[in-house]
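S.K.: Just need the structure, nothing else, for what follows:
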Amino acid sequence: MVQIIDKSGEDTFGRLGRSFGQGLAEQVPKEVDRYRLSKGLQQFEKDSPDLSPIQQLSRLSAIPGITPQMIQSFSELAKQQNTRNAYAKKAGEKPRPSSLGEQSSGPSIQDVKFGNFDNSTGKSNRFTKDTSNLPFDESQPPINPNNPLRPESISKKPWTAERRNQEIARIFEDFPQLTNQEAQAMASDYEARELAQPQAEQQIDRELNEKQKDLQEKFNTQLLTKLEKTGAGPSAVYKDITGENLVNLQRGMERDLRANPKANVDDIINRWTTKALDLAKAKSQLKTTSSGYFLSKIFSKEKYKSKLNEYQRIFADSGNLEEFSNILKSKDFEMSPQGAASIAYPRTNQIKSYVSKISPKSEKYPQKNSLSNSRKYATEIQNLITPKDNLLAIAWDLRSKDPYFNQNAFFQQLQEDQDEIGLTERQRRELAEGSSDILPSWGDIVYLPLFGG
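M.R.: Residues are numbered from 1 along each chain as shown. This next block holds a predicted model:
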């Protein structure tokens, strides 16, 4: 027998309480499920960058309350994030934190740099040697300073199957979260970039060489016009400008263009062909300066010294100081190697300061200590010598300052230490020249102040 309970007498508050209780009982489990789903997804978000695809699917499937549609959507988003993180890591960037609900673009493969190749510009990232502290006549980088046989410019063979498999294995080792298709695509991209780099390098070389050839042709044409040798070939200038002069002038022009990429090309060419013209005139005038009576030069020493200093500036400006020194040593001037160098090569401030402090007369027995003092000069200036300094000019200054200066001991010490000093080729030739005669040459007497020693 069924008993029917009469609720007609239940008040309104009772009915409301019963309804609330039923709704609460139904709602609480749903909220708990949503909370567990949220916490599971948050943990997956943290762990997914370090998980393989299988591990990601396993973790997603184990999250309470997740649906098949959600698993598919989050799997696809995780793959995209994994790929972005892999490229970011390859490019040296910090991987972006996983954001399954955000599909902002990460670093693309165009951002990845291989070797010295910059993908954004299609050019090499190599740095040319800094020549700002080198002497003018030894520091002229050409338009194209690159060796055409450098490894990065030599064409490469396509990868073998073994090499490709090795690269894919390495990719998986670095990025275990990638799929096989993604790893294959990354390896293909690496191979394509490796094969493309030599062609890009070769194209850069061709462009630079063409620009250099064009500049040199314009330089030679304008120089021939200024020297009034129109219609003649480039070799016609050799009577006025030697081949060495010409190379130094052209490289000086190229250096200016590299240092000032916004400069007007015609202005730079005009400037350097004018230097060449001034150099040719200075050579002609030097012959006139060397002529004249011996006694008249002796009594006008300062006048002639001033002239030589002006010519020195012209040769220095065109990057040809060594030729100027050689002219002073020739039969026209008959100066000693050290005397010629003292005019041709100005001393740096460090060397000037060092020599000015030498005071052997303050010693009790300076003559007795001449050998040790001269060797000491050599060892102390080794830390001061720059590529701009001339060893013969320094020796001249030391002879002028110290009447007991021993040239042989000085140069012998430098010869013993030359590998540690890092001398330039010109300075090594000066070292081989070594000591001058004890007695001054006629040219030294005529053009330079006399010194003791």
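
S.K.: So which residues of the protein form strands?
M.R.: Remark: strands assigned in the chain by DSSP state E are 117-118, 123-124.

S.K.: and Asn309, how many residues sit next to it?
M.R.: 11 (other C-beta atoms under 10 Å). For the C-beta atoms, the positions are set from N, CA and C on the backbone; glycine is no exception.

S.K.: How about Met253?
M.R.: Neighbourhood size, Met253 [other C-beta under 10 Å]: 25.

S.K.: gap between it and Lys329?
M.R.: Noted for Met253: a distance of 28 Å to Lys329, by C-beta to C-beta, to the nearest Å.

S.K.: Can you show me the helices along the stretch 251-400 of the chain?
M.R.: 265-290, 294-298, 301-317, 321-329, 337-344, 349-356, 370-381, 391-401 (DSSP state H, counting those that start in this stretch).

S.K.: now, of those, which is deepest in the fold?
M.R.: Highest mean neighbour count of the helices of the stretch 251-400 of the chain: helix 337-344, a mean of 26 (counted as mean count of other C-beta atoms under 10 Å).

S.K.: Restrict that helix to CA atoms and write it as CSV.
M.R.: Provided in CSV are the C-alpha atoms of helix 337-344 (Å, rounded to 0.1, in the frame of the first residue of the first chain):
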residue,chain,number,x,y,z
PRO,A,337,118.9,56.0,-42.9
GLN,A,338,118.4,57.3,-39.3
GLY,A,339,118.6,61.0,-40.4
ALA,A,340,116.1,60.5,-43.2
ALA,A,341,113.7,58.6,-40.9
SER,A,342,113.9,61.4,-38.4
ILE,A,343,112.4,63.8,-40.9
ALA,A,344,110.1,61.4,-42.7
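
S.K.: Nearest residue to Thr289 in space, please, no chain neighbours.
M.R.: The shortest distance from Thr289 to any non-neighbouring residue, by C-beta to C-beta, 6 or more residues apart in numbering, is to Lys307 (5.5 Å).

S.K.: go on, Ile143?
M.R.: The shortest distance from Ile143 to any non-neighbouring residue, by C-beta to C-beta, 6+ apart, is to Gln212 (3.8 Å).

S.K.: what does Glu380 give?
M.R.: Closest residue to Glu380 apart from its sequence neighbours, by C-beta to C-beta, 6+ apart: Tyr354 at 6.9 Å.

S.K.: Tell me which other helices or strands the longest helix anywhere in the chain touches.
M.R.: Using DSSP state H, we find that the single longest helix of the chain is helix 180-226. Helix 180-226 sits against helix 68-90, strand 117-118, strand 123-124, helix 161-174, helix 243-259, helix 265-290, with contacts defined as 3 or more C-beta pairs under 8 Å, 6 or more residues apart in numbering; DSSP states H and E.

S.K.: how far out from the middle of the chain is it?
M.R.: Counting by C-alpha atoms, centre = their mean, to the nearest Å, helix 180-226 is centred 18 Å from the centre of its parent chain.

S.K.: Just the mean pLDDT for it, thanks.
M.R.: In this model, helix 180-226 carries a mean pLDDT of 90.

S.K.: now that helix and helix 161-174, what's the angle there?
M.R.: Here helix 180-226 points in a direction 110 degrees away from that of helix 161-174 (axes from the mean of the first three to the mean of the last three C-alpha atoms, to 10 degrees).

S.K.: Could you figure out how far helix 180-226 is turned away from helix 265-290?
M.R.: 40 degrees.

S.K.: Can you check what angle separates helix 180-226 from helix 243-259?
M.R.: Relative orientation of helix 180-226 versus helix 243-259 (the same axes, to 10 degrees): 130 degrees.

S.K.: In TSV, list the helices and strands packed on helix 180-226 along with distance to Thr230 and mean pLDDT.
M.R.: TSV is the format used below for the helices and strands packed on helix 180-226 (distance: least, C-beta to C-beta, whole Å; pLDDT from 0 to 100):
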stretch	distance to Thr230	mean pLDDT
helix 68-90	59	68
strand 117-118	45	39
strand 123-124	39	38
helix 161-174	60	89
helix 243-259	17	88
helix 265-290	13	89
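
S.K.: Before I go, just wanted to say thanks for your time.
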